[in-house]
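> Provided below for reference: sequence and predicted model.
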Amino acid sequence: MLHLDGAHGEGGGQLVRTSLSLAVLLGEPVKITDIRAGRTKPGLRAQHLTGVKALAQISRAEVEGATLGSRELTFRPRTIKGGSYFFDVAEKAGSAGSVTLVVQALLPPLLAAREPATLTIRGGTHVAWSPPAHYLMHVFLPALAELGAEVDLTLTRWGWYPRGGGEVQLTVKPAGRLSPQKWLNPPDPTRFQALSAASQVPYHVIQRQGRRLQERLGETLLVAEVETDSLDPGTFVFLWGPHAGFHALGARGKPAEQVADEVVEDFLKFKNSQAALDKHLADQILLYLARAAGPSVFTTEEITLHLLTNLWVIEQFLGPGFQVRGNLGEPGEVSCRGRA
């Protein structure tokens, strides 16, 4: 059984998700200790626990330590099964735990299953410390499609902090050999577009967010304005193009213009780096490139601790296969040999 230190590197929930995802994918047992040891609330939180139980369900795994706050977990997977599944992040804790983090854990093994899968996942769709549903729809899944994976995601209800209540539905088709990629050139800035959305706030907030984006990035920027239905109020700005997306959430007392400004600053930093992938996609696509049928390479706006930790976890299962050029916190290049 492979033993992993859950406090290694960034030491967050992604280490658990990637570890268990690979365990299911490869049919290998794993034990993780000191889970999220450095966090204010260490151990498994609601979205982590949902991910653990979801992966256990699709693989008929034997699990020890799958409880809220657990800092040690033993996971023994069996066979991956497609089919229809329903998961509720808030079932136990009543929180707006992220649905997208659960999706990220489930996709690698389900793409390797023999039959298609349909998923319905409830919880937070647009919450802090996780990619929003729109990032998956417009950035991550299109990049995955370039590798040859077919995944469709539909946002059926928005879910904000604190109650969540959002819902996404996915269909996942089994993928054959994934295609290696060479992503080295920055995307065309004219191909970016934006979304200004909100629930249960005056409509002028949506308009002000969109207006600020155009003031700073040009009147030609296409901005969609959307008023959404949800349990709780919230506002959201999202700017995206090929291989990159940037978002910000509103909060009580936070001006609409500030929400848009945060997105613009992140976009301009990415643009100035002349990289092909934003720092989040670079992190999220690693596992798929490691499984691709040949070598891949990409440039990213920033070598993050998140990326290096994810890379470390993958190599614990698959062996050395990555090369990183660049310093932590700076733009860099990542190459991957893929499967022989």
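Nice, thanks for sending it over.
> Please make it C-alpha for all contacts and neighbour counts, starting now.
Will do.
> Which positions within the helix or strand where residue 109 lies qualify as buried?
Assigned by DSSP states H and E, residue 109 belongs to helix 99-111. Buried residues in helix 99-111, counting neighbours by 16 or more other Cα atoms under 10 Å, are found at 99-111.
> Please apply the same query to stretch 247-261.
Residues of stretch 247-261 classed as buried by neighbour count (16+ other Cα under 10 Å): 247-250, 256-257, 259-261.
> what would the residues you listed look like in a markdown table with secondary structure, pLDDT and distance to residue 220?
As requested, the buried residues of stretch 247-261 are exported to a markdown table (DSSP: H, G, I helix; E, B strand; the rest coil; pLDDT from 0 to 100; distance: Cα to Cα, whole Å):
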| residue | secondary structure | pLDDT | distance to residue 220 |
| --- | --- | --- | --- |
| 247 | strand | 98 | 19 |
| 248 | strand | 98 | 21 |
| 249 | strand | 98 | 23 |
| 250 | coil | 97 | 24 |
| 256 | helix | 98 | 20 |
| 257 | helix | 98 | 18 |
| 259 | helix | 98 | 20 |
| 260 | helix | 98 | 16 |
| 261 | helix | 98 | 17 |
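> Skipping adjacent residues, who's closest to residue 277 in space?
residue 300 (4.8 Å; Cα to Cα, 6 or more residues apart in numbering).
> repeat for residue 151
residue 172 (4.7 Å).
> measure the one you found to residue 280 for me?
Distance from residue 172 to residue 280, counting by Cα to Cα, to the nearest Å: 22 Å.
> Phi first, then psi, for the nearest residue to residue 73 once chain neighbours are set aside.
In space, and not counting its chain neighbours, residue 73 is closest to residue 65: 4.7 Å by Cα to Cα, 6+ apart. The phi and psi torsions at residue 65 (degrees, to the nearest 10) take the values phi 90, psi 10.
> And the pLDDT at residue 65?
Per-residue pLDDT puts residue 65 at 96.
> what does the one 10 residues further on give?
Note on residue 75: pLDDT of 98.
> can I assume it is in contact with residue 33?
No: counting by Cα atoms under 8 Å, residue 75 does not reach residue 33; the two are 11.7 Å apart.
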